[in-house]
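Requesting a structural model of the entry that follows:
(chains A, B and C)
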Amino acid sequence: MLPTPLPDAVRAALLAPMVDQHCCGVRRDDTTRSGFEQLIGEGGTPAPPGTTHFDTPAGAAIRRWCAPVLGLEPHASATVYLSRRAELGAAEVNRRLLRGAGVSAFLVDTGLDVPGLLSPAEMGRLGSAAADEIVRLEQVEQDVAEAGLPAADYAGMLRDELAARAARATALKSVAAHRCGLGFDPSRPSRGSVIAAAGRRLADPKSRLDDPVLVRHLLWAAVDVARERGLPLQFHCGLSGWGLSGWGLSGWGLSGGGLSGNGLSGIGVGHLADPALLTGFVRALAPLGVPVVLLHCYPYHRQAAYLAAVFPHVYVDAGPAVAHTAAGSAHVLRELLELAPFHKQMYGSGCHGAAELCFLAALCHRRGLAHVLADRIGEGEWSQADAARIAHMIGSGNARRVYRL
Amino acid sequence: MLPTPLPDAVRAALLAPMVDQHCCGVRRDDTTRSGFEQLIGEGGTPAPPGTTHFDTPAGAAIRRWCAPVLGLEPHASATVYLSRRAELGAAEVNRRLLRGAGVSAFLVDTGLDVPGLLSPAEMGRLGSAAADEIVRLEQVEQDVAEAGLPAADYAGMLRDELAARAARATALKSVAAHRCGLGFDPSRPSRGSVIAAAGRRLADPKSRLDDPVLVRHLLWAAVDVARERGLPLQFHCGLSGWGLSGWGLSGWGLSGGGLSGNGLSGIGVGHLADPALLTGFVRALAPLGVPVVLLHCYPYHRQAAYLAAVFPHVYVDAGPAVAHTAAGSAHVLRELLELAPFHKQMYGSGCHGAAELCFLAALCHRRGLAHVLADRIGEGEWSQADAARIAHMIGSGNARRVYRL
Amino acid sequence: MLPTPLPDAVRAALLAPMVDQHCCGVRRDDTTRSGFEQLIGEGGTPAPPGTTHFDTPAGAAIRRWCAPVLGLEPHASATVYLSRRAELGAAEVNRRLLRGAGVSAFLVDTGLDVPGLLSPAEMGRLGSAAADEIVRLEQVEQDVAEAGLPAADYAGMLRDELAARAARATALKSVAAHRCGLGFDPSRPSRGSVIAAAGRRLADPKSRLDDPVLVRHLLWAAVDVARERGLPLQFHCGLSGWGLSGWGLSGWGLSGGGLSGNGLSGIGVGHLADPALLTGFVRALAPLGVPVVLLHCYPYHRQAAYLAAVFPHVYVDAGPAVAHTAAGSAHVLRELLELAPFHKQMYGSGCHGAAELCFLAALCHRRGLAHVLADRIGEGEWSQADAARIAHMIGSGNARRVYRL
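The predicted structure is shown next:
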């Protein structure tokens, strides 16, 4: 599985079970070819006529690395792969791939408003791992907005609901990047501005939260809860996952999907997902003791690594970029390691929908890190003991410390 | 020519004729050393006193790779190279280099308002290739603006002129990045706002189009034509070619050139050439069936690859960044391949002025891709058949499909 | 010291003394472990509890490469390293590391308002090198602002003070990136607007300069002086050094430090340190003959390389990113060399505080460039003579020409 010879201690550290510090549930049931293709594509949309999402780095890696897990030869054709997948059935496929990821604990973001995904407990059971919940802030807010309360009660109910949800969670997560971008005013909004904005929001409660005042209010309410309970606050950053909200899983027939609908507004803010934009907010949180975890970040991962280097409370992972860049992921990890302190980088698959992406992220993380460590040892830059320790910290040690697992 | 041993099928796919999906014409006539230096520099400006543009990655590659095409030893000195170039004459040099590019079809952007460039037909004849025209939108608009018509007729004449020009074209191209940046409002401007803006524009018709309302109007008019005729819409993106408009070819004595004049305003928007800024417009085009091709994109090529991965109708190339980064281009292609679907990436030289850049782009594309494919095969990531197919798709297959060649 | 076999001439060029075209002074006196850790971290802040800044790329490189300079085994533990450092004493440590950097001239930025740093003369004496001063514009302005003069005299006194300081300097340096970001209006501000802004500024003279009007005024005043005296104007760019202003050296007990205080406002503008934002100002300077040197730039170094390729008067270095990315720095240099003309790239350590960073920058520059040159020669891209000449130009030749050393 590892691409290069390594000293035993380094090899063992790379192959040891990891903490997947951020993932979403994978689909419980079988799907069509079209549905599967939409799940493995970055955008949740079909491939153009005459083409296939198997002709992507992730698609090629599924044929190469997941096929053997299903009992096929490497590089099996897409047709053979999907036929075998259907033959085994989703439950067995999920069990093989999640277990094959070699993960000891899944931290599962339950904020995808899509039926048919495995719960954290199910992810853990199928993957032979512990499992904990990550609460997605915007999903809590949506529930509150749709509860039919007066604007004056919005802030109080949001606070109570966040506290209740946080009580059984291991982290809180924000997708502010998809709602108003990360360049928001870092200060806590005034009570008056929140009530006014809540009034507008509650007039159309089914709409998605995207008012910057309420996004900031939600974040600061989350910070209060996170402080009380010692929870880290995760931020989705970078160009990824735009398809999740409303149309990303449409291949499963769950939404009208395609290229219309409320999920689309998210894509427009791509360039606003640069974590460098979050600097002011990160700084404001520095004295509060709330760890901030920057998820994914690609192609702005160097900016994220810089923030992790500069701010004692900031952490970083490469998220779903690892599975999606697949054979190219060693280079992404190499760039993240240019500046990220070894005690600040973590592993997270950021997967959702297809168990293949969960498996691939773990495999590519181990293979990519193996390349980097072998180079560093070979050039005499890091000792073998250093390399083993770094692999351990990134794979699980840092996450155990930060999430108190 | 290829830097590394490869299986026969992969080697054959890499060496097969390619479609150059975007280039401009090269100069027909001979030039001075100073003129040649300005052509091969990124900025179209002279090198500082005591230095030479041969001391750049592209300059070193010309001495290494173009010298043998002219019958010289590799690494010939700049003086020897230019002397031999003059001896052979521009026609023979162009013939050798264009033919040496190994291209079966040139799609030639005719929008450079500079005399002395080869026409598409001449590019094809000298390069033993087919040739088609790409119509540059802003050049059509300039013709319309200078025709001396009333503001009320501007939109109609622009529409008619675009339709007429498109009738014999294979694609339309926008340099909006150079005019108002790519962060423009993606919506179609109102009729009233266009008439008002046209009034201002026609009061100074010789000026360059840079009013965002009219840039948007031009784009939407182009979208209408592209839909009718099934043409892709190309966008110049990234940090390149700023010198083209008014001073880039000044080395040939065609303009006052240097660091003053109307071409300069383009450079100021460098950071606005990030294709991520185009996301909203790209999304608006998704339901319309108009392919969008992001050209060049460097150093924002990862952002472009992401858009190509997410949107079914978006395509990408690395353009003139390949020739200009030369020995470093394998790394650029490697990054583009991190996320770009194999059916979405294309080859385009983006060359103009010097046939050397056309030759180098093709050579460096083949060499760079050879490096990546050899690595992927060597690590067992891609099968040999996959690698050959990917080289073919990127080299010509995708372009034949998208441009219906 | 070099990581790979190289032809003799290339090896000699890489090992020849270099010009460190931008550094700050290192601390004269001994420090505690906590103080040392804050100096070697990117942010000048302590590592989180249970972690250490030795677990960073730079920290690992100090254990690997600086330990032998102090007479220890490679990969010595942090405890052993610091114990040996204390045993030798700061003066001997500084002497060994500065001399070990293999530098023939230090250009020392004296604008850090921190006592206990070596002066340029001391840097030169300890490092067996020549030394010259770089005047930091904002420090001159601060002195003027605090002098208690009326607003009407501000501009005149600033001009006089700049001229006086420039008379014994080799370059001027701006940290506008930290004050208002690099996206400022490139035009020279009007006299009236300067007087008005000076009035506000002088009402609170102890505050840091951050008014964009006055930042621009300072830059244009510096341009006037630079023209008269033939001095280059350096710009700090990219994500680095944010800790310098007020809290970066707090580990030495010199300020209240930590995460409050006036230095913090600087961090908020991280994304505004992209040198692409400086394009308009750079263009405005093109006709004036004032060289512009973009320092550090990471992770926007490709943007900087593009500006250096396009504008005859723009130069670039990789600055402290080399020491901080350490084992990863070869890749950063490789990216810079994708587009930067060989006569435009320079070496600068950008170090401050810890002599280790001065030594590491030089070592990693030589090792990283050795990797790139070995690859280029091995692939037949550059001749041995080219490679040697390029190493020489970047290491010292370009700086000697630009700074007239």
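
Assumed residue A:122 was part of a strand.
No. With DSSP: H, G, I helix; E, B strand; the rest coil as the criterion, residue A:122 is helix rather than part of a strand.

and it, what does it touch?
Residues in contact with residue A:122 (CB atoms under 8 Å, 6 or more residues apart in numbering or on different chains) are A:25, A:28. C-betas here are computed from N, CA, C, even on glycine.

could you redo the last one with a cut-off of 6 Å?
By CB atoms under 6 Å, 6 or more residues apart in numbering or on different chains, the contact set of residue A:122 is empty.

before we move on, what about the one 4 residues further on?
The contact partners of residue A:126, taken as CB under 6 Å, 6+ apart, are A:94, A:95, A:98.

ok, for the second one, nearest residue in space, not its chain neighbours?
Read it as residue A:95. The shortest distance from residue A:95 to any residue other than its chain neighbours is 4.8 Å, reached at residue A:126 (CB to CB, 6 or more residues apart in numbering or on different chains).

do the last one as well
Ranked by CB to CB, 6+ apart and with sequence neighbours excluded, the top spatial neighbour of residue A:98 is residue A:127, at 3.5 Å.

okay, the one you found: pLDDT?
As predicted, residue A:127 sits at a pLDDT of 98.

Now for it: which residues touch it?
Residue A:127 makes contact with A:98, A:99, A:103 under the criterion CB under 6 Å, 6+ apart.

can you pull out the helices in the stretch 301-405 of chain A?
With helices called from DSSP state H, counting those that start in this stretch, the stretch 301-405 of chain A shows them at A:301-310, A:321-325, A:329-336, A:355-378, A:384-392, A:398-402.

picking up where we left off before, counting neighbours, which of the contacts of residue A:126 comes out on top?
Ranked by neighbour count (other CB atoms under 10 Å in any protein chain shown), the contacts of residue A:126 have residue A:98 at the top, with 28 neighbours.

Pick out the residue in the stretch 101-250 of chain A sitting closest to chain B.
Among all residues of the stretch 101-250 of chain A, residue A:239 sits closest to chain B, at 4.3 Å; criterion: CB to the nearest CB.

Output the below-cut-off pLDDT ranges for the stretch 151-300 of chain A.
Filtered on pLDDT under 70, the stretch 151-300 of chain A yields the residue ranges A:241-270.

one more time with 50, if that's ok
A:243-268 (pLDDT under 50).

Would you mind listing what in it touches chain C?
By CB under 6 Å from any CB of the partner chain, the part of the stretch 151-300 of chain A that sits against chain C consists of A:276, A:277, A:279, A:280, A:283, A:286, A:287.

Please determine how far the last one is located from residue A:163.
Applying CB to CB, to the nearest Å, the value for residue A:287 to residue A:163 is 22 Å.

my read: residue A:78 touches residue A:54, true?
Yes. Using CB atoms under 6 Å, residue A:78 makes contact with residue A:54 at a distance of 4.1 Å.

Tell me which of those two has more neighbours.
More crowded of residue A:78 and residue A:54, by other CB under 10 Å: residue A:54, with 24 against 19.

Report the secondary structure state of the more buried one.
Secondary structure of residue A:54, per three-state DSSP, is coil.

most centrally placed residue in chain A?
By CA atoms, centre = their mean, chain A has its centre lying nearest to residue A:350, at 2.8 Å.

Could you list which residues are in contact with that residue?
Applying CB under 6 Å, 6+ apart to residue A:350 gives the contacts A:22, A:296, A:319, A:320.

Equivalent analysis for residue A:318, please.
Counting by CB under 6 Å, 6+ apart, residue A:318 has contacts A:332, A:336.

returning to that earlier point: what's the separation between the residue nearest to the centre of chain A and residue A:173?
The gap separating residue A:350 from residue A:173 is 11 Å, by CB to CB.

Just give the number of residues close to residue A:28.
Neighbour count for residue A:28, taken as other CB under 10 Å: 15.

got a list of what it touches?
Residue A:28 neighbours (CB under 6 Å, 6+ apart): A:116, A:118.

Assess the claim that residue A:275 and residue A:303 are in contact.
Yes. With contacts counted by CB under 6 Å, residue A:275 reaches residue A:303, the gap being 5.4 Å.

Of the two, which one has the most company?
Neighbour tally, residue A:275 and residue A:303, criterion other CB under 10 Å: the higher count belongs to residue A:275, 31 against 26.

Against chain B, how distant is the more buried one?
Here the criterion is CB to the nearest CB, to the nearest Å. By it, residue A:275 lies 14 Å from chain B.

quick one, what contacts that residue?
Residue A:275 neighbours (CB under 6 Å, 6+ apart): A:237, A:294, A:297, A:300, A:303, A:304.

what sits against the third one?
In this structure, residue A:297 makes contact with A:237, A:238, A:275, A:304, judged by CB under 6 Å, 6+ apart.

And the fifth one, by the same measure?
Residue A:303 sits next to A:275, A:276 when contact means CB under 6 Å, 6+ apart.

With residue A:100 as the reference, measure out to it.
Separation of residue A:303 from residue A:100 (CB to CB): 32 Å.

now the third one
The span separating residue A:297 from residue A:100 equals 26 Å under the rule CB to CB.

swap in residue A:160?
For residue A:160 relative to residue A:100 (CB to CB), the value is 41 Å.

neighbour count winner among those two?
residue A:100 (20 against 12).

any idea of the pLDDT on the more buried one?
Reported pLDDT for residue A:100: 98.

Residue A:359 is in contact with that one, correct?
Yes. At 5.2 Å, residue A:100 counts as touching residue A:359 under the criterion of CB under 6 Å.

need the contact list for the one residue in the stretch 251-400 of chain A that gets nearest to chain C.
Per CB to the nearest CB, the residue of the stretch 251-400 of chain A with the smallest distance to chain C is residue A:310, at 3.3 Å. By CB under 6 Å, 6+ apart, residue A:310 lies in contact with C:42, C:43.

and it, how far is that from residue A:236?
21 Å.

Please apply the same query to residue A:388.
31 Å.

Next: residue A:27.
20 Å.

swap in residue A:41?
Residue A:41 is 18 Å from residue A:236, by CB to CB.

cool, residue A:219 as well?
Using CB to CB, one gets 13 Å for the distance from residue A:219 to residue A:236.

again with residue A:168
From residue A:168 to residue A:236 the distance is 21 Å (CB to CB).

Could you count how many residues lie near whatever residue of chain A ends up closest to chain B?
Taking CB to the nearest CB, chain B has its nearest neighbour within chain A at residue A:43, 3.3 Å off. Residues near residue A:43, counting by other CB under 10 Å, number 24.

what does residue A:195 give?
Residue A:195 sits with 16 neighbouring residues when counted by other CB under 10 Å.
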